[in-house]
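Colleague: Below is the sequence, then the predicted model.
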Amino acid sequence: MTTSLTQRLLCAAILSFVACAPVLAQSTTAAPATAPEAPKVNFDKALSDEGMWYFSWGYSRQQYAPSDIHVSQPSLGNDFTVHQATAADFPATTQQAIDATLNLDFTVPQENLRVGKFMNPEKTFAIELSVDHSKYNTDIDQTAQVTGTINNQPYNGNMVLSAKDFFYALHNGLNHIMVNAVWLNHLYGPEQEAGDLQLISRAGAGILLPHADNSIFGNQNQVGPKNKNICCFASNDWWQVNGWTAGVEVGLRYRVYQNIYLEATQKIAYGALRNVPVYQGKADQTIWMSEQVFSAGFLF
């Protein structure tokens, strides 16, 4: 009796396996052929479709948190820190920036450039190069605490930062050049058409490429004319790589026409400046920047 039951169970198991074998064979052979292909197909489509690139140009305003500026001029006997110096962008007011633009002085305000490439067919993720031509000028006639050594003498006290005694500017400008990851999320309206409103966010990092313009105790920094030694690593180059930057940005993008959009964003960036040229020396500084960017862009 036991042998008969065992034989019946064995036959049932064999018949079940034979019935399921074609299904198992199909699932094991078909899945590897299709699953790896889907990401590759989407990626290839993202590389070949039209409208996967975009370009924008805009203007911005910046605000800076107070920061310490350390100056070293060994040949002059100076090694001191200006504590919590305040600074602003240039032009100093929004109205001055508008007036400059209306007068066709398009590079007087702080301009912003973005060039990006969507990496998926849905156009929700992109890799982007951004240039923020921000400007940084310490406030004239502010009073700040100064500690360290000046003219080989110890110093610890307040100092009026006049245009002659201490004016420190990254005026042409404090250029943040970054590579960003960009995410877009649909909020309202028809997707990928005129009327599409999207939430846009960025996160990136890169280099700081400032032009230093400063005067310390009557000695003005000179790096030569702008049309010679333009960039980027020599001590007399007009623009010099003087540090690194990282930042995040969030805002709205609105599609005005099929391939034209407007964008408004808020950006927060941190910059670490090293070896900024001053007269017979260098300066170090860290900067926190808040920036509002308004731009127009084109998809192609």
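Modeller: Perfect, thanks for sending it.
Colleague: Against Leu273, how distant is the closest residue to Val256 other than its chain neighbours?
Modeller: Residue nearest to Val256 in three dimensions, not counting chain neighbours: Leu262, with 5.9 Å by Cβ to Cβ, 6 or more residues apart in numbering. All C-beta spots, glycine's among them, are computed from the backbone N, C-alpha and C. In this view, Leu262 and Leu273 are 33 Å apart by Cβ to Cβ, to the nearest Å.
Colleague: more crowded one of these two?
Modeller: Set Leu262 next to Leu273 and count neighbours by other Cβ atoms under 10 Å: Leu273 wins out with 23 against 15.
Colleague: next SSE after the helix or strand that the residue nearest to Val256 is a member of?
Modeller: Using DSSP states H and E, Leu262 sits in strand 260-278. Toward the C-terminus, strand 260-278 is succeeded by strand 281-299 as the next helix or strand (DSSP H and E).
Colleague: Centre of the chain to that next one, how far?
Modeller: Taking Cα atoms, centre = their mean, to the nearest Å, the mean C-alpha location of strand 281-299 is offset from the chain mean by 8 Å.
Colleague: Each with direction, which strands does it pair with?
Modeller: Strand 281-299 has the following sheet partners, assigned by DSSP bridges: strand 53-64 (antiparallel), strand 67-73 (antiparallel), strand 260-278 (antiparallel).
Colleague: pLDDT of it, averaged?
Modeller: Strand 281-299 shows a mean pLDDT of 97 in the predicted model.
Colleague: Pull out the buried positions in that strand.
Modeller: The neighbour-count check on strand 281-299 (16 or more other Cβ atoms under 10 Å) flags Gly281, Lys282, Ala283, Asp284, Gln285, Ile287, Met289, Glu291, Val293, Ser295, Gly297, Leu299 as buried.
Colleague: Which stretches in the stretch 1-150 of the chain count as strands?
Modeller: 53-64, 67-73, 78-85, 87-88, 110-118, 125-138, 142-150 (DSSP state E, counting those that start in this stretch).
Colleague: try the stretch 151-300 of the chain
Modeller: With DSSP E, counting those that start in this stretch as the criterion, the stretch 151-300 of the chain has strands spanning 153-161, 166-188, 197-216, 219-220, 231-232, 239-240, 243-255, 260-278, 281-299.
Colleague: strands paired with the fourth one, and their directions?
Modeller: So the one you mean is strand 219-220. Looking at strand 219-220 with DSSP bridges, its partner strands are strand 197-216 (antiparallel).
Colleague: repeat for the longest one
Modeller: For strand 166-188, sheet partners with direction are given as strand 125-138 (antiparallel), strand 197-216 (antiparallel), following DSSP bridges.
Colleague: for Asn137, which residues make a bridge with it?
Modeller: Ala88, Ala169.
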